[in-house]
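Engineer: missing the sequence, but the structure's below:
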């Protein structure tokens, strides 16, 4: 059984909606999460036996397809990179703590709003880069700013860049410190 089904559709007003479902083995629950991309979603949990989960996932996938929902291929999404300037080239233990805290916060914040996934993070040349794959750049940028502020994760050192999936190193600055004009990994 696959881990999660995540699908999207645009309504007649071009508003992007999402649905996702998964089986939570820890609680023996089938979980459905849905809403407008960029807004806090609604979640429904149903207690089920593990052997019934695959059938529910299949039925969910069929219903979503009938309702016009489909996966957005990676190549139609964008990279949004949350970047922190560091005091050293390779980072310190404090920076590694920041990396884990920021990744955890972003994973949750983006997921509950249908804004994508945290793909990976890396330290390079005095920077911490957290790569997110997102279906809507502007909403993801705003959500990342809100998340970092809410979690008190040093907003003043945050820059955010975005790029198309096919050109992940051609990043445009979307948010940064005053006087910043470009974004570089």
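Structural biologist: In hand now; what should we look at? Everything numeric here is computed off the predicted structure, so don't read it as measured data.
Engineer: Show the average pLDDT along stretch 105-118.
Structural biologist: Across stretch 105-118, the average pLDDT comes to 97.
Engineer: And the contacts of it?
Structural biologist: 6, 8, 16-18, 20, 33, 35-41, 77, 80, 82, 103, 130-136, 139-140, 143-144, 146-148, 150-151, 153 (C-beta atoms under 8 Å, 6 or more residues apart in numbering). Just so you know, the C-beta spots here come from the backbone N, C-alpha and C atoms, and that holds for glycine as well.
Engineer: Looking at those residues, which are in helices?
Structural biologist: 103, 139, 140, 143, 144, 146, 147, 148, 150 (DSSP state H).
Engineer: which among these end up buried?
Structural biologist: Using 16 or more other C-beta atoms under 10 Å as the burial test, these include 103, 139, 140, 143, 144, 147, 148 as buried.
Engineer: what's the closest of these to residue 97?
Structural biologist: If you rank these by distance to residue 97 using C-beta to C-beta, residue 103 comes first, at 11.0 Å.
Engineer: can you pull the contacts of that closest one?
Structural biologist: Residue 103 neighbours (C-beta under 8 Å, 6+ apart): 118, 121, 130.
Engineer: rerun that using 10 Å as the cut-off
Structural biologist: 82, 118, 120, 121, 128, 130, 132 (C-beta atoms under 10 Å, 6 or more residues apart in numbering).
Engineer: Now for the fourth one: which residues touch it?
Structural biologist: In this structure, residue 121 makes contact with 81-82, 84, 96, 99-100, 102-103, 106, 128-132, judged by C-beta under 10 Å, 6+ apart.
Engineer: Could you do residue 140 as well?
Structural biologist: 37-38, 77-80, 82, 106, 109-110, 113, 115-116, 132-134, 160, 162, 174.
Engineer: out of these, which are buried?
Structural biologist: 37-38, 77-80, 82, 106, 109-110, 113, 115-116, 132-134, 160, 162, 174.
Engineer: Tell me what residue 36 is bridged to.
Structural biologist: residue 17 (DSSP bridges).
Engineer: Is it correct that it is in contact with residue 17?
Structural biologist: Yes. Counting by C-beta atoms under 10 Å, residue 36 touches residue 17, with 5.7 Å between them.
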